[in-house]
Each structure stands twice: as structure tokens, then as C-alpha cells.
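Student: Structure of the sequence below:
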Amino acid sequence: MLLCKTNQFYKLMMKKKYYMKWDKKYMARLAKKEEIILHPAIEFHKNKLIKRCFSNWKIQYHKTKLENNKIYKAKKHYKLTIERKIFNKFLLNTQIKTTKRKKYEYVDNIYKNILMVRTFSIWEEQYMEKIKEQKKLKKASEFYNINLLKKIFHYYWQYNNEKKKYKSKLEYIIRHNENINTEKAESFYRSRIIKNNFYIWKQHYIIKTRKIQLKENSIKFMKKHLLSFYFNHWKINYQIIQSKINNLNEIYQQKQITIKQNIFKIWNKKAKKLKWEKKYEDLKTNEIQNSNDAKADNLYKKFITKKYLTIWKNKRSDWHSIYNHYEIQPIIYWCITLCKKVFEGWKTYSKEKKYMKKRILDAENWKKENDLKQGIVTWIKIADKKYSERMKEYEISILPYQDLSSREYYLMRKYFTKWYMMILRKKVNNINNNEEENDSLFEIKNNKNYNTLFPSLLSIEESKKHRLLPKKPRFYFDDTLNDFIECDNQNIENENNSMSIHNHSPITKSSLLCDILNNKIEVKYDKSLLKNMEFYSKDNQFNELLDKFKAKYKPNLNNININNDNDNDNIQTNLPKISTPIHKTYSNINISNVSLNNKRLNDYKSQRYNEMGYYYILEILDSEIENAKNILDLNYNSLEINFLIIKV
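Tutor: Okay, the predicted model is just below:
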């Protein structure tokens, strides 16, 4: 139980770890988008106010025809002071909100950690209490059943005794009714006893069946273990027998050679003796007799040699056939039958094990997918709620600082949305149609202090700090001089330069594009450069994680180990490459379809989330399963080939 709990807790912590990393990156992107969306709105508001002031001034100018210049200057000065105060208050409110957001994020993280610890401790206590309650309930139910049986038998015997007394008094009056009642009581008694005995027998039977099942499972496990053990033992014996057979064949060949040598030595000695005897007899006899004897001797020698050679060949062939029939052929037959039996047993065992592994993998994958879906759904709901709350707070915070009427405010917002959509559509059309340089929306401006202008060139944490820093105004109003004065921004530039020296990230085209859009720097790019930028900006998000995974898990098919006991448990799998690139999923999103409505924003967020996280994890899991299947098929084929080689 403890191991299961620890494994579950470890899985949850790993999921949380990678999920929080992904969440930080995603929230940083949302912050960038919000800045991009709100920055042009503020500028538009400034320009709109200035235009209206000038329009009113023109109307009054035409009416009065340059009369009362002093009154006009006073009004103009009054309007400028109002605008200054509004913008100063707006900047102060933005600073307060940024600090509040930091605090809320910090508190949320602490609250989540505390909740996890508390829920886990409460769950443990409740689980232990449930186990104790179940034990108590079992004891109580057993005690209750025993007391019930005792009471039933006690009351039954009391009832019988009272009935007997009553029957003794009324024997002479109602014998017939007495017999009927006795029969009913006996039938009830028998049925009750049968039920109780059947219940007891049923419990004993269930216990016995469980024991039998456990025995069968243990026997199956022992059979499998014995098969693997005897298969290894048979391999060793088979190798020993083969070595013995080879040694016997070598000894047999050496003996044959020695027998042949001895026979030929004896034959040479006899031939030499016969020659010397014939020479001695030839000297005694005549030449005619010697010639006839020589012919006869030659014929006799040929006949004897043929006779002895035929006898020797027959004996040799008989001995070889007997040896093969009684010693070699039984060993070969026994080896082949044992190979077949062991291979069939191993094959059935491996099939069962593969089937069980497939079922376990399918169950685990289904559980992972279900957990991911549930987590994604809950996360999307929470993110949508938080986003809607922030938007409401932002709208509420902006309304008090507007001196215009509600109608004018809504008209401004309406025209701003139209203007923003027109700009986005122009961007898309410029990318697709390769318009001329003069028609482009952006122009490059050189700036040495690129670390202040491009916060993505810094590290991720420092760039977040840089974004959340309060933006100081370029001008401020001095009441003594009654005029605008420029701020001293040297300290700000020094701080930004010191931050840019340490831990700055590598410069990429995607980071330059993001920073240019955030700070309204106008850039000239062709279609090819923009396509490359899209590719790099969308793929660089997961490059670091993929490199780490690839470094840990590399394919080593040569190092695959196969054991007959474990059946492909030691196979090394690794994470594969993704079949579909990530940048293709983002290229299908049209910027023109994005609007400021909450519904469309929520759909856009869920679409991005699913494309980034969920499908990426599912593709990894599917590719891992396919690699494992391919490796198992390769190992199975190699085992069949080895078995055929052993047979040969």
C-alpha cells in the first residue's frame, strides 16, 4: 500500500512540476498579448483627446474670429493640466495593480502548496479511520449473528416446552389440530436449520474456492518458473552432450586409424616372411615349378586379400550402424522432442505475458489520457474565470478616470476595435501578398540600448521583472514653473544595462519580432524572413525540453538483453521524434478571426492549449508503444532463428 501511495504521489508531483513550467510560459505569453493589445488603446485615447481639443478650438476660433486670446490660452492651459493629472493618476494605478498582481500570484502559489499538504494529510486520516471502522463493523456483524442464533434457539426451546405443557392439558380435546401444528413446527424447524447450515456451508465453500484458486495460480507460476529453469538446464546439458559427441567422434576416428595401421603392419610382416620363404623354396625347386608356384601364390594372395577386406568392411559397417542405432539416434530424438516441448511451453508463456502487458499498457494509457483530459478541463475553467475577473477589474479601473460621458466612451471603444482589426488584417495581407516597402507598417530604428527595448534578450525571470517595473513618465509638470520638464532617465538606463549584462539569452528572430511589437518599433521584413521567424518562434518553445529528453533516452538496439525468465523485460525503449512538427498546428490560426469578445478569446485559448500540451503528450505515448512493439517483434524473430540453428 505504501509503495502504491508513494508512486501515485511521485506521479502527481512530476505532473505538477512540468505543468507549472508550461503554465509559467503560457502566462508570460498572455501577458505579452495583453500589453500588445492595451498599448495602442492608450495611444489612441491620447490622440483622440488631442483631436477633440483642437476641433473645439477650431469651432470657437471661427466663431470669435481671434477674439479674447487670453481666454482661449487659459482654457487650453486648463485642459492640459486636466490631462496631466489624469495620466499621472492612471500611471499610479497601474503601478499599484502590478504590485497587487505579484502579491496575488505569490499567495496563490503558497495556498496551493498548503492545500496539497492538508488534503493529503486529511485523506490519510480518513483512510485509516475507514479501515478501523470496517474492522469494527466486521466484528460487530459476527457478534450480532452469533447472539441472534443463540436467542433464536433459546426462544425456540422455550416455545416447545410451553407448547408441550399446553398439549398435555388439551390431548383429549384437539388431537387432530395438535398433529397439524407439530408437523408445521417440524417443517419450519427443518427449513431454519437447513438455511443456517447452508449459509455456513456457503462461507466454507467460498474460502475453499479461494484457496483452490490461489493454489492453481501458484501451480501455474511454478510451472512457468520450472519451464524457464529446465529450459536453461536443458541448454547447458545439450551443450555438454554435443561436446561429448564431438569428443567420441574424434576418438572413434583415431581408433579406426590405429586399427588400420596395425592391420597393415601385420600384413607387411607376413608378406615379407612369405617372400623369404618363397625365395628359399625356389632355390630348391626348378624354374618351371617356381613359375607355376608363383602364379598360384599370386592368385591365392589376391583371393585372401579380397576375403579379409570384405570381412573387415562388413564388421566395420555393422559396428557403425549399431552405434548409431543404439546411442546417437536416441540422443538426437530426445533432444528434438525436448526442444519442441520447451519451445511450445515458452511460446504459450510469452504469448500470455505479451497479452497481459498489452492490457496493462492500454489501461495505463487510458488512465493517463483521462487524467490529462480532466486536468486540462479544470485548468481551462480556472484560467477562464481568472481572465474574466481580470478583464472586469481592468474595465472597472479605467471607467473612473474618464471624464467623458458613457456614450463617448463606448464609441471610442467601438472605433478602437475596428481600427485594431484593420491593422491586424493589413499585417496578414502584407505577409501573404509581399507588398512594397513604402506600404509596410513598420520601419527599423537603430538604438544602442537594446536591452531596455528588447526585454526578451534578457533571461526569462529578469524579463518578467522588467515588464512588471513601473513605467516612469517622460515628462512631468512643475507647479512652480507652470511648464513641462523632462525626466532624468539615466538611472533607469544604468539599471537596465546592469540587468542585461548578466544571463542574457541568445538573440533570435522570434525574440526581435516580439520586442518590436511590444515597443512600437517599425520593422521592414520580406515574406521569407517572416516565415522563418514564425518557424523559429514556434519551435524554440519546446527545443530545450526535447533536447533534454533526447539526451537521456537514446536508441540502443544493440544493447537489448533478452532473458527467458523475464521475456523482454530488459528492453530499452526511448522517446521518439514527433511525427508532425509543432509549427504546422499554429500556422492554421488566422489573426483576423480574433476579437475582443470573451467567447472567442476563450475558444482561442483552449485551442492553443490543446495544440501545445495535450496532443504533444499523446504523440509521445503512441510513438513509445509503437517502438516497443517493433522491438518485441525483432526479439521474437531472433529467438526463432536461434532455435532453427540449434536444430540444424
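
Student: Report the helix or strand with the lowest average pLDDT across this protein.
Tutor: Counting by mean pLDDT, DSSP states H and E, the chain has its least confident helix or strand at helix 582-587, which shows a mean of 36.

Student: Give the next helix or strand downstream of the helix or strand harbouring residue 7.
Tutor: Residue 7 belongs to helix 2-64 when assigned by DSSP states H and E. Downstream of helix 2-64, the first helix or strand assigned by DSSP H and E is helix 69-169.

Student: what is the mean pLDDT for the following helix or strand past that next one?
Tutor: Next along the chain after helix 69-169, taking DSSP H and E as the criterion, comes helix 175-284. Averaged over helix 175-284, pLDDT sits at 77.

Student: Stretch 74-93 too?
Tutor: 85.

Student: Could you export that stretch as PDB, CA atoms only?
Tutor: What follows is stretch 74-93, C-alpha atoms only, in PDB (Å, rounded to 0.1, in the frame of the first residue of the first chain):
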ATOM      1  CA  ALA A  74      -6.400  79.900 -20.200                       C
ATOM      2  CA  LYS A  75      -8.800  77.200 -21.500                       C
ATOM      3  CA  LYS A  76      -6.000  75.500 -23.300                       C
ATOM      4  CA  HIS A  77      -3.800  75.600 -20.200                       C
ATOM      5  CA  TYR A  78      -6.700  74.200 -18.100                       C
ATOM      6  CA  LYS A  79      -7.200  71.300 -20.500                       C
ATOM      7  CA  LEU A  80      -3.600  70.400 -20.500                       C
ATOM      8  CA  THR A  81      -3.400  70.400 -16.600                       C
ATOM      9  CA  ILE A  82      -6.500  68.100 -16.500                       C
ATOM     10  CA  GLU A  83      -4.900  65.700 -19.000                       C
ATOM     11  CA  ARG A  84      -1.700  65.600 -17.000                       C
ATOM     12  CA  LYS A  85      -3.500  64.800 -13.800                       C
ATOM     13  CA  ILE A  86      -5.500  62.100 -15.400                       C
ATOM     14  CA  PHE A  87      -2.400  60.400 -16.900                       C
ATOM     15  CA  ASN A  88      -0.400  60.700 -13.600                       C
ATOM     16  CA  LYS A  89      -3.300  59.000 -11.700                       C
ATOM     17  CA  PHE A  90      -3.600  56.400 -14.400                       C
ATOM     18  CA  LEU A  91       0.200  55.500 -14.100                       C
ATOM     19  CA  LEU A  92      -0.100  55.400 -10.300                       C
ATOM     20  CA  ASN A  93      -3.000  53.000 -10.500                       C
END
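
Student: What residues sit buried inside it?
Tutor: 79, 83, 87 (16 or more other CB atoms under 10 Å). (C-beta placed from N, C-alpha, C; glycine too.)

Student: Kindly report the same for stretch 25-36.
Tutor: Buried residues in stretch 25-36 (16+ other CB under 10 Å): 26, 32.

Student: before we move on, back to that, and of the buried residues of stretch 74-93, the nearest to residue 5?
Tutor: Taking CB to CB as the measure, residue 5 lies nearest residue 87 of the buried residues of stretch 74-93, at 57.8 Å.

Student: Could you report the distance from that closest one to residue 53?
Tutor: Taking CB to CB, to the nearest Å as the measure, residue 87 falls 14 Å from residue 53.

Student: swap in residue 192?
Tutor: Counting by CB to CB, the gap from residue 192 to residue 53 is 103 Å.

Student: Residue 239 now?
Tutor: Distance of residue 239 to residue 53, given as CB to CB: 102 Å.

Student: ok, these two, which is more surrounded?
Tutor: residue 53 (15 against 11; other CB atoms under 10 Å).

Student: Surely that one is in contact with residue 79?
Tutor: Yes: the pair residue 53 and residue 79 passes the contact test of CB atoms under 8 Å, sitting 5.7 Å apart.

Student: Need the residues touching each of these two.
Tutor: The overlap between the contact sets of residue 53 and residue 79 (CB atoms under 8 Å, 6 or more residues apart in numbering) is empty.

Student: count of residues packed around the nearest residue to residue 238 once chain neighbours are set aside?
Tutor: Take residue 238 and drop its neighbours on the chain: the residue closest to it by CB to CB, 6 or more residues apart in numbering is residue 335, 6.1 Å away. The tally of other residues near residue 335 (other CB under 10 Å) stands at 17.

Student: any idea which helix or strand carries residue 335?
Tutor: In this structure, residue 335 is located in helix 329-398 according to DSSP H and E.

Student: Retrieve the pLDDT associated with the residue nearest to residue 238.
Tutor: Per-residue confidence (pLDDT) for residue 335: 72.

Student: Mind putting the buried residues of stretch 74-93 into CSV with distance to residue 250?
Tutor: As requested, these are exported to CSV (distance: CB to CB, whole Å):
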residue, distance to residue 250
79, 118
83, 112
87, 106
